[in-house]
Structure formats: C-alpha cells, structure tokens
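Engineer: 3D model of this:
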Amino acid sequence: MKAIITILLLLGTTVQADVYKTITPSGEVIYSDVRTSGARQMNVPEPQTYTPAPLPVTVIPQGEAEDDKKGPYDSFVIDSPVNDETIRNNLGNIEMLLTLEPELSAKDGHRIEYYVDDKVQGRKTVDLEKILVDVDRGEHMLSAAVLDRSGKVIISTAPVKVFMHRASIQHPNNPLNPANAPPPPPSAAP
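Structural biologist: All right, here's what the predicted structure looks like:
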C-alpha cells in the first residue's frame, strides 16, 4: 500500500499542464488549465532553481578527534549574560556567571581571569562569578579563561557580545553633568 501511494505521489510531481489565459468582456483576466473559447495558451517558463555549492569535507586526522581531551576541563561557558543581551545599568556593572566542568582545580594553581574586549578585568580568582564595574556604554565582548600557575591558558569561554546602556553624563538631569555643578564661590576683592 505504501509503495502505491509513493508511486502516485511521484507521478503527480512530474505532471505538467498547459495554462490558458482568458479575458472576460468586463476585463477580468482568468488563468486556467482548461481550454475555453477565446483562451490563449500561455508559455510558462521552467521555475528558477538554485543548487548550493557542496560544503567542503573536513577530515580530522587520527589522534585529533573532537572528543579527545585537550586538558583537565570538559567545558567552560558564560551562563550570564547571554549573547546579544542588552544591559541597562547606570553604574556600568555587569554580573558574569560561569560554569566550569569539572570544578576548578585551585590546588593545582588554576585561576580564572575575566576579560572585557580582551582586556583583563581585575585579579585572577577562583570565583565563577564576578561583577564587572564601570563598563562604558556601547557594545562589548565578554570572555573568561582558566590559567595555570605559569599564566598559560588551559581553556577559555566563547566570547559573549553585550550592549551596555547607561544614562549619558551629558543628560541635563544627571547630577554628574558638569553643567549642573554649583557655581564657584565668589572671590573676595582685595
């Protein structure tokens, strides 16, 4: 039964019908696959198709399979913030939360270093969370890396793009706006 249905479906895809165009006395244009009096046969071109170029085949040399361990850690990811997240914080604070599997080997001297736009943020730490302070307005790339005692990167996170929104210092209601500073005290005349 399945074979009969499959054959009927395949036959239906190869059928091509003639198309006819009729214009009624009121000016309405009607297209049909049935020839009527006064109908003209239309020449319907083949549909345009696109065949993508084949993807290149990558061969992983033996001994470099993806599941081979490159170090003591299986995964290291940024849980928060997520990629393309917009953060609204007038102090410019961003809380980064990380997940490292297995746990950080602090006894072996491993430490975590946090980065904003590839610039180190603070000291190396064993904490999987950090508040980045005074991050400027605009787009930034956040990342982190686990380093060994000598400072060599063992594993790093994929970068996460965030957008920091802060009130402008130039805003008239911002107390930090230089235009809102109190006037200088009057100078004493000699």
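
Engineer: Relative to Pro81, how far out is Ile112?
Structural biologist: Note on Ile112: its distance to Pro81, by Cβ to Cβ, to the nearest Å, is 17 Å. From N, CA and C alone the C-beta is placed, and that goes for glycine too.

Engineer: ugh, typo on my part, it should be Pro25
Structural biologist: Counting by Cβ to Cβ - Pro25 and Pro81 are separated by 67 Å.

Engineer: And Val29, by the same measure?
Structural biologist: From Val29 across to Pro81, the span is 56 Å (Cβ to Cβ).

Engineer: and those two? which has more neighbours close in?
Structural biologist: Taking other Cβ atoms under 10 Å, Val29 and Pro81 do not tie; Pro81 has more neighbours (18 against 8).

Engineer: so what's the more buried one up against?
Structural biologist: 87, 94-96, 142, 160, 162 (Cβ atoms under 8 Å, 6 or more residues apart in numbering).

Engineer: Dihedrals phi and psi, it?
Structural biologist: Pro81 adopts backbone torsions of phi -80, psi 160, taken as degrees, to the nearest 10.

Engineer: before we move on, what about Ile5?
Structural biologist: Backbone torsions of Ile5, given as degrees, to the nearest 10, read phi -60, psi -40.

Engineer: Output stretch 112-121 in PDB with nothing but the alpha carbons.
Structural biologist: Once non-C-alpha atoms are left out, stretch 112-121 reads as follows in PDB (Å, rounded to 0.1, in the frame of the first residue of the first chain):
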ATOM      1  CA  ILE A 112      40.100  32.300  36.300                       C
ATOM      2  CA  GLU A 113      40.700  35.600  34.500                       C
ATOM      3  CA  TYR A 114      37.900  37.800  33.200                       C
ATOM      4  CA  TYR A 115      38.000  39.900  30.100                       C
ATOM      5  CA  VAL A 116      36.100  42.800  28.600                       C
ATOM      6  CA  ASP A 117      37.100  43.500  25.000                       C
ATOM      7  CA  ASP A 118      40.200  41.300  25.500                       C
ATOM      8  CA  LYS A 119      41.300  43.500  28.500                       C
ATOM      9  CA  VAL A 120      41.900  41.800  31.800                       C
ATOM     10  CA  GLN A 121      39.400  42.800  34.500                       C
END
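
Engineer: can you confirm Leu176 is in a helix?
Structural biologist: No: membership of Leu176 in a helix is not supported by DSSP: H, G, I helix; E, B strand; the rest coil, which gives coil.

Engineer: So it sits against Ile169, correct?
Structural biologist: Yes: Leu176 lies in contact with Ile169 (Cβ atoms under 8 Å); the separation is 5.3 Å.

Engineer: how distant is the longest strand seen in the chain from the center of its chain?
Structural biologist: The longest strand of the chain (DSSP state E) is strand 138-147. With Cα atoms, centre = their mean, to the nearest Å as the basis, strand 138-147 stands 15 Å off its chain's centre.
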